[in-house]
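**Q** Let me see the structure of the following:
(4 chains)
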There are 4 protein chains.
Amino acid sequence: MIFTSEFINLVRENSEVNHNECNLFTYKPNYRNMKKIFCSIILLPAVAAFSVHAQQTQLTLKPVDPYRMTPGMVEIMDPEVEIIKPGATDRDPPSDAIVLFDGKDINTEWEDTRGNPSKWIVKDGTLISVKGSGFIQTKRKFSSIQLHIEWKTPSEVTGESQGRGNSGVFLQERYEVQVLDSYNNRTYRHGQAASIYKQFPPLVNASRGPGEWQTYDIIYTAPTFNKDSITYFTPPRVTVLHNGVLVQNNVSLSGPTDYTKIPQAFIKAHGPGSLQLQDHGNPVAFRNIWIREL
Amino acid sequence: MIFTSEFINLVRENSEVNHNECNLFTYKPNYRNMKKIFCSIILLPAVAAFSVHAQQTQLTLKPVDPYRMTPGMVEIMDPEVEIIKPGATDRDPPSDAIVLFDGKDINTEWEDTRGNPSKWIVKDGTLISVKGSGFIQTKRKFSSIQLHIEWKTPSEVTGESQGRGNSGVFLQERYEVQVLDSYNNRTYRHGQAASIYKQFPPLVNASRGPGEWQTYDIIYTAPTFNKDSITYFTPPRVTVLHNGVLVQNNVSLSGPTDYTKIPQAFIKAHGPGSLQLQDHGNPVAFRNIWIREL
Amino acid sequence: MIFTSEFINLVRENSEVNHNECNLFTYKPNYRNMKKIFCSIILLPAVAAFSVHAQQTQLTLKPVDPYRMTPGMVEIMDPEVEIIKPGATDRDPPSDAIVLFDGKDINTEWEDTRGNPSKWIVKDGTLISVKGSGFIQTKRKFSSIQLHIEWKTPSEVTGESQGRGNSGVFLQERYEVQVLDSYNNRTYRHGQAASIYKQFPPLVNASRGPGEWQTYDIIYTAPTFNKDSITYFTPPRVTVLHNGVLVQNNVSLSGPTDYTKIPQAFIKAHGPGSLQLQDHGNPVAFRNIWIREL
Amino acid sequence: MIFTSEFINLVRENSEVNHNECNLFTYKPNYRNMKKIFCSIILLPAVAAFSVHAQQTQLTLKPVDPYRMTPGMVEIMDPEVEIIKPGATDRDPPSDAIVLFDGKDINTEWEDTRGNPSKWIVKDGTLISVKGSGFIQTKRKFSSIQLHIEWKTPSEVTGESQGRGNSGVFLQERYEVQVLDSYNNRTYRHGQAASIYKQFPPLVNASRGPGEWQTYDIIYTAPTFNKDSITYFTPPRVTVLHNGVLVQNNVSLSGPTDYTKIPQAFIKAHGPGSLQLQDHGNPVAFRNIWIREL
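**A** Residues are numbered from 1 along each chain as shown, chains lettered A, B, ... in the order given. From the prediction side, this is the model:
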C-alpha cells in the first residue's frame, strides 16, 4: 500500500486531527504515545468517503490488526456532560454545590441535634462552636458527597492531646473526620486531626498551626447494608485531602466511629443523614462550607 | 510474678473462657497462635491489682455492657504519624512533594520520550508544549501517586473539538487524563477535559475558559497484574478533582487509554512509569506541578 | 444510681479524659454525639463496683498495656446470625436459596422475554435451549446475588469458535457470563466459556468437555448510578468459579456486555432485573439452578 | 437500504453466526437480547468482502450509529487463555493447584511454627489437630490465593461456645477464618464458624453438624502497605463460601485478627506467609486441602 504525499495531504485537509497528530514519516512504533501511535487511522474516514481504494486499505488492515477501528466508532457524543461553573478559586463553591455556610447565616441550613436553633455563633464571617451548646447539624440530609470545609483552632493554645482545638466533622451523623489542633500536640494516632476517629490515622500529619485556616476536601461514599441490617454490604468509604494533601485514601470503615466501642458493635442500616459539626468544648471556627451530592 | 494454681483456677472458674482456650502450661510465646497468645490476658486485670477485687470488677462489668472499654484501650500512640508541612495554600507543594516544575527549570526533571532534552519552552514561569516536539516525560518513574498540576489552554481560540487546546496527562506512560479546552467546545464525552480518555467522561464539565488556569488534583493507584501478565489483578484506579470539583470518582480502568483500540487489547504488566505530558500540536501551558508518592 | 459531684470530680482527676470530654450536665441522650455519648462510660468501672478500687484498677492497667482488653469487651453476642441449612452437598441449594430449576418445572419461574411461556424443553431433568425460541428469563427480578448453575454442551460436537455449544447467563438482563464449549475450541479470549463477554477473559480455561456437566458459582454485585443515570457510581462486579476454579476475581464491568459496541455507550440506570439464559442456536442443557439474594 | 432475501441468505451462509442469531424479520428493538440485538452487524464482514454496496452500507450506518463496529474489531485472540484441567468434582483439586494434604502425608508440605515436624496426626485419610501440639503451617509461603479446605469437628460434642470444635485457618499467618462447631452452639457473632475472627461475622450460619464434613472455599487478596509500613495501602480482602454458601463477601480487614486487641494496633508490613491451621485444643480433622496462587 502506498501513500502518496498528495493523498496524505488530502486526508489531512479533511481531517479534524491536525498535522502534529499525524507525522507519518517520523512514526516510531516503539513509542508509548497513545494517540499518536494510531495516526494512520485517521486516514480511514476521509479515505472511505473518497475512493474504493480507501476501503481496500481498511480491508488490508484488518487481518494485520483486528482491533483497529475508526475513531468515531468509540466516540460517544450524547448526551452532553452537564456543564457547571467552578469556583473563582478551587476553594470556592462551584455552581452545583449547596453552600452550607457563607459567612453570614447559620439558621437556614443548620440546627442543633434536637431540631432547635443552634447556639453556635457567627462572628467575622466564621461559625464558632460554643461550649456546652452541643453539635450542630444540617437540616438537609445527605448520602454520598463531596465536601469542602475550612476550620481554625484557637490561636491561643490551651489544653493538650484531645483537649486542644477539638471538634469533628460527622458524615451521615455517624462517621467522624477528626478536627483537632494537631500542631505540636501529640495524641493517639487514630485521634489526631484528619483521622477517621479511632479507625484510621491520617497518612501524614499535614496540620497548620493554631489560628491558621485549614481545609478538608472529603469524598464520601455512603454504605449499603446486608439483609440483616446490622452489617455492611459495602462499607462507607472516605477520602480526605487535608490542606491539599491526601491523608485518607479511600479507606473502608468498620462501623460508626466511637470513643470506646468497637465499630462493628453498633452498625445499623441508615439512609441519608445530616452533616454534623461537633461541640467538644473548644471554640473552633468554621467557614466556607459547601457540599456536592454525588 | 507468680501464678499459683489456686489463682489460675480462680480465674478459670470466673471466666467465660474455657480450659482449652487457656492452656498456660503449654503456652509458647514465639508461636503466632492468635487466640492462644492472649490467653494470659484474662489474668491481667486480676494480676494488675494483685487482688481478687480487680477480677471481680471485671466479672461485674461484663453483663452490664460487654463492649465498653476504657478509652485508652483503643488508643494507639506509637509511632507518631509523620509530620509534613503543607503548602502556603492548598495549591502549593507540601514539604514531602517532589516539585516537577517550579516555573524555571525543565531539564532537571523532564526529557523527551527518547531520553533527549525536551524542546518544550519555559516562558513567564510556565512550561509550554511545542508543536511537533513530542511528549515530555519525567526522568523519575512513579507508581501510585497524588499529583497536582495546573494548565491553561491558549486564550486565542482556534480549532474545535479535539483540535482546541489539546494535551494530556499520562499516568505511568499509559493512562491519560485528557487536557482540552472544553469551554464552549463540544466533543465526544469520553474525550473532553478531565475524561479518562475514551473510558470515562467527567462527572461534570467543570472547565474554566481559554486563557484561564485550571487545576487537576489526581489520586492514582497503580495496577497489579495476574500471572498471565496481560490482565489486571487489581486495575488502575483514578480520582480527579478538576478546579476543585470531583469529576472522576475512583474509577477502575479497563486498560491503557487509546484512540481506537479497546483497552483490554494491550494491557501488559508494567512497573513504575514516567509521568508524561502530551504534545498534541496546541501550545498548552503548565505550571506548579508536584507529586507525592503513595 | 447517683453521681455525686465529689464522685465525678474524683473520676475526672484520675482520668486522662479532660473536662471538655465529659460534660455530664449537658449530656443529652438523644444526641448522636459520638464521643460525648460515652463520656459517662469512664465512670462505669468505678460505679460498677461502687468503689475506688475499681477505678484504680483501670488506672493501674493503662500504662502496662493500653491495648489489652478482656475478651468479652470485643465480643458481640446479639443478634444471633441467621441459621440456614446448607445443601446435602455444596452443589445443592441451601435452605435460603430460591430454586429456579429443580429438574421438573420451567413455567413457575421462567418465561420468554415477551412474558410468554418459554418453548425451551425439559428432558431427563434438564432444561434445554431450543433453537429459535429466544432467551428465557426469570419472572422474579434480582439485584445482587449468589448464583449456582450447571450446564452441559452437546456431546456431539458441531461448529467451532462461537458456534459450538453457545449460550449465556445474563445477570440483570445485561451482563453476560459466557457459556460455550471451550474444550479444544479456540475463540477470542473475551468470548470463551466463563468470560464476561467481550470484557474479561477467564483467568484460566477450566472447561470440561462436551457432554460433561459444568458449574458456575457466581457472586454478583449490582451497580449503582451517578446522577446522570448513564454512568456508574459503583460498577457491576462479578466473581465466578468455573468447575470450582476462580476464573473471574471481582472484576468491575465497563457497561453492559455487547457483541460490537463499547460497553460505556449504552449504560442506563436500572433496578432489579431478570436472570436470563440465552438461546444461541445450540441445544445447551441446564440443571440445578439456584440463587440467593444478597 | 434494501435487504433482499438473497442478500441475507448470502450473509448467513458466510457468517459464523447461525440463523437464530440473526432473525432480521422478527427483530424487536425493545428486547434486551444483548447479542441478538446487533444481528444486522454480522452483515458487515461478508458484505465488505463482496461488494462496494456493503461499504456504503457501513458508511450509511455510521452517522446513524457511530458505535457499531464489526465483531472482529473487539475480539482479542492471542495469547490463548491458559488451559487447566478442573477436578473430577468441583471439590477436587484442579491441575494448577498445589495439593497441601492428600490424605496421606503431612511432612512434605507442613511443619510446626518452629520449623519442626508437626505432631498432628494423619488418620483415616484426615489430618487431626493434637491438643498442645501447636499450630501447623505450610513450608511454602503464599500471597493472594484461592483455597479449598474441608474440616470436621468431633462427632462427640463436648464444651460450648469457643470450647467446642475450635480451630482456625490463618491466611498469611495473620488473618483467621474461624473453624468452630457452630451447630447449636451459640458464641459471639464474630467468633463463630466462618467468621473473620473478631472482625466479620458470617452473613449466615451455614454450619453442618458435628461429625459432618464442611468446606471452605476462600478467595484471599493479600494487602499492600503504605510507606509507614504499619497501615494498609490496600487492605486484605476475603471472600468465603461455607458449604457452598457465600458467608464473607469481599470484606476488607482492619488488621490481623486478634483475641483482644484492636486490629489496627499491630499491622506490620509483610510479604508472603504460610497458611496455618490452629491447634485450639480440640481434635478437629481436615482433609482435601488445595491452594491456587493468584
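**Q** Under the pLDDT cut-off, which ranges of chain A? List them.
**A** Applying pLDDT under 70 to chain A flags residues A:1-68.
**Q** and the residue of it nearest chain D?
**A** Of all residues in chain A, A:Ser252 sits closest to chain D, at 4.3 Å by Cβ to the nearest Cβ. Every C-beta, even on glycine, is put in place using the N, C-alpha and C of the backbone.
**Q** how much space is there between that residue and chain C?
**A** Distance from A:Ser252 to chain C, counting by Cβ to the nearest Cβ, to the nearest Å: 13 Å.
**Q** Helix, strand, or coil at the residue in chain A positioned nearest to chain C?
**A** Residue nearest to chain C within chain A: A:Gly281 (2.8 Å; Cβ to the nearest Cβ). Secondary structure for A:Gly281, judged by DSSP: H, G, I helix; E, B strand; the rest coil, is coil.
**Q** That one - how many residues pack around it?
**A** 23 (other Cβ atoms under 10 Å in any protein chain shown).
**Q** is it true that it touches A:Lys131?
**A** Yes. Between A:Gly281 and A:Lys131 there is a contact under Cβ atoms under 8 Å: 4.8 Å.
**Q** and the nearest residue to A:Ala285 once chain neighbours are set aside, how many neighbours?
**A** Leaving out its chain neighbours, the residue that sits closest to A:Ala285 by Cβ to Cβ, 6 or more residues apart in numbering or on different chains is A:Thr126, at 4.2 Å. A count of neighbours around A:Thr126, defined by other Cβ under 10 Å, yields 18.
**Q** Mind checking which residue lies nearest the centre of chain A?
**A** Centroid check for chain A by Cα atoms, centre = their mean gives A:Ile219 as the closest residue, at 4.0 Å.
**Q** what about A:Phe200, distance to chain B?
**A** Shown here: A:Phe200 relative to chain B, a distance of 11 Å by Cβ to the nearest Cβ.
**Q** quick one: the closest residue to that residue other than its chain neighbours from A:Pro236, how far?
**A** Spatially, and ignoring its direct neighbours in sequence, A:Phe200 is nearest to A:Val251 (4.8 Å; Cβ to Cβ, 6+ apart). Per Cβ to Cβ, to the nearest Å, A:Val251 is found 9 Å from A:Pro236.
**Q** So A:Pro223 sits against A:Thr231, correct?
**A** No. With contact defined as Cβ under 8 Å, A:Pro223 does not reach A:Thr231; the gap is 9.8 Å.
**Q** residues in contact with the residue of chain A closest to chain D?
**A** When contacts are counted by Cβ atoms under 8 Å, 6 or more residues apart in numbering or on different chains, A:Ser252 touches A:235-237, D:235, D:252.
**Q** And those residues, which two are furthest apart?
**A** Across the contacts of A:Ser252, no pair lies farther apart than A:Pro236 and D:Pro235, at 14.1 Å, counting by Cβ to Cβ.
**Q** tell me the SS of the residue nearest to A:Phe200?
**A** On the three-state scheme (three-state DSSP), A:Val251 is labelled strand.
**Q** With A:Phe233 instead?
**A** Using three-state DSSP, the structure places A:Phe233 in strand.
**Q** okay, now it: neighbour count?
**A** The number of residues packed near A:Phe233 is 17, by other Cβ under 10 Å.
**Q** For the closest residue in space to it that isn't next to it in sequence, name its beta-bridge partners.
**A** Nearest non-adjacent residue to A:Phe233, counting by Cβ to Cβ, 6+ apart: A:Thr224, 4.4 Å away. For A:Thr224, the beta-bridge partners under DSSP bridges are A:Thr234.
**Q** contacting residues for A:Thr224?
**A** Residues near A:Thr224 by Cβ under 8 Å, 6+ apart: A:232-234.
**Q** re the thing from before, pull the contacting residues for the residue nearest to A:Phe200.
**A** Shown in contact with A:Val251 (Cβ under 8 Å, 6+ apart): A:196, A:199-200, A:237-239.
**Q** pretty sure A:Phe101 is touching A:Asn288, no?
**A** Yes. Assessed by Cβ under 8 Å, A:Phe101 is found in contact with A:Asn288 at 7.2 Å.
**Q** In three-state terms, label A:Pro94 for me.
**A** The three-state label given to A:Pro94 by three-state DSSP is coil.
**Q** got the contact list for it?
**A** A:84-87, A:292, B:206, B:243-245.
**Q** which of those are buried?
**A** Among these, those classed as buried by 16 or more other Cβ atoms under 10 Å in any protein chain shown are A:84, A:86-87, A:292, B:206, B:243-245.
**Q** So which of those belong to strands?
**A** A:292, B:245 (DSSP state E).
**Q** so which of the buried ones among the contacts of A:Pro94 are also by chain C?
**A** By Cβ under 8 Å from any Cβ of the partner chain, no member of the buried ones among the contacts of A:Pro94 lies near chain C.
**Q** among the contacts of A:Ser252, who's most crowded?
**A** Counting neighbours by other Cβ under 10 Å, A:Pro236 comes out on top of the contacts of A:Ser252 with 24 neighbours.
**Q** so the residue nearest to A:Ala285 makes contact with A:Asn288?
**A** No. A:Thr126 is beyond contact range of A:Asn288, at 9.2 Å (criterion: Cβ under 8 Å).
**Q** residues shared between the contacts of the two?
**A** Residues touching both A:Thr126 and A:Asn288 (Cβ under 8 Å, 6+ apart) are A:Gly103.
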